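S.K.: Generate coordinates for the sequence data below:
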Amino acid sequence: MLKHSESSMDEYLWRFPHGEFSVETRPIVRETKFDKYAKVPVVRALLAIYFIAKDDAYLRPHKPDPLKPMFYRRFIWKVHNCGQRKDGTFYTAGNAALFIFEDSKVAYDSTVDKVPFNELKSRFGTHG
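M.R.: Residues are numbered from 1 along each chain as shown. Here you go, the predicted model:
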């Protein structure tokens with residue numbers, strides 16, 4: 001598991017005001033090589049805008065709105081108006097590491113394996 005200080009890029013993005021949304025980041029934002037830039041305020045702000053614009057940091061509503069599309073924009077933020085299982089981040093370490101065990105052996109580790117969502121879904125199902 002990655003260990004971050006309070007001055008990590010992931011922590012900085014999480015502190016943005018987000019109201020009825022939660023901020024989620026892709027694994028690239030949580031890499032420790034970006035933590036050194038998080039200590040310089042101007043660079044940190046520019047890097048945060050870059051991650052938001054490239055959809056590496058995005059919003060997810062606490063309760064999805066069925067009247068809105070699955071993905072839409074709110075200012076420069078991309079909003080994932082669905083659960084983690086539906087958009088695939090549950091299976092691809094969008095917010096957490098996922099381990100699947102079969103016969104007491106690790107069959108899948110999302111921190112190492114880069115298997116497409118459709119292949120994982122066909123292999124393991126949704127279990128939910």
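S.K.: Which strands or helices does the strand or helix carrying Arg73 pack on?
M.R.: Following DSSP states H and E, one finds Arg73 within strand 71-74. In this structure, strand 71-74 packs against strand 77-80, with contacts taken as 3 or more C-beta pairs under 8 Å, 6 or more residues apart in numbering; DSSP states H and E. In this view, the C-beta of every residue, glycine as well, is placed from N, C-alpha and C.
S.K.: thinking again about what came up before, so what strands line up beside the strand holding Arg73?
M.R.: strand 77-80 (antiparallel) (DSSP bridges).
S.K.: C-alpha coordinates for the strand it pairs with, PDB please?
M.R.: Extracted as PDB, the C-alpha positions of strand 77-80 are listed here (Å, rounded to 0.1, in the frame of the first residue of the first chain):
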ATOM      1  CA  TRP A  77     -14.100  18.100 -13.400                       C
ATOM      2  CA  LYS A  78     -15.400  14.900 -15.000                       C
ATOM      3  CA  VAL A  79     -18.200  13.300 -13.000                       C
ATOM      4  CA  HIS A  80     -18.800   9.600 -12.900                       C
END
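S.K.: got the contact list for that strand?
M.R.: If you take C-beta atoms under 8 Å, 6 or more residues apart in numbering as the criterion, strand 77-80 is touched by 21, 24, 52, 55, 57-61, 68, 70-73, 87, 89.
S.K.: ok, longest helix in this structure?
M.R.: If you go by DSSP state H, the chain has its longest helix at helix 41-53.
S.K.: average pLDDT across that one?
M.R.: For helix 41-53, mean pLDDT rounds to 85.
S.K.: Just want the angle from the helix or strand that it is followed by to helix 41-53.
M.R.: Scanning forward in sequence from helix 41-53 by DSSP H and E, the next helix or strand is strand 57-61. Counting by axes from the mean of the first three to the mean of the last three C-alpha atoms, to 10 degrees, strand 57-61 lies at 60 degrees to helix 41-53.
S.K.: Fine by me, thanks again.
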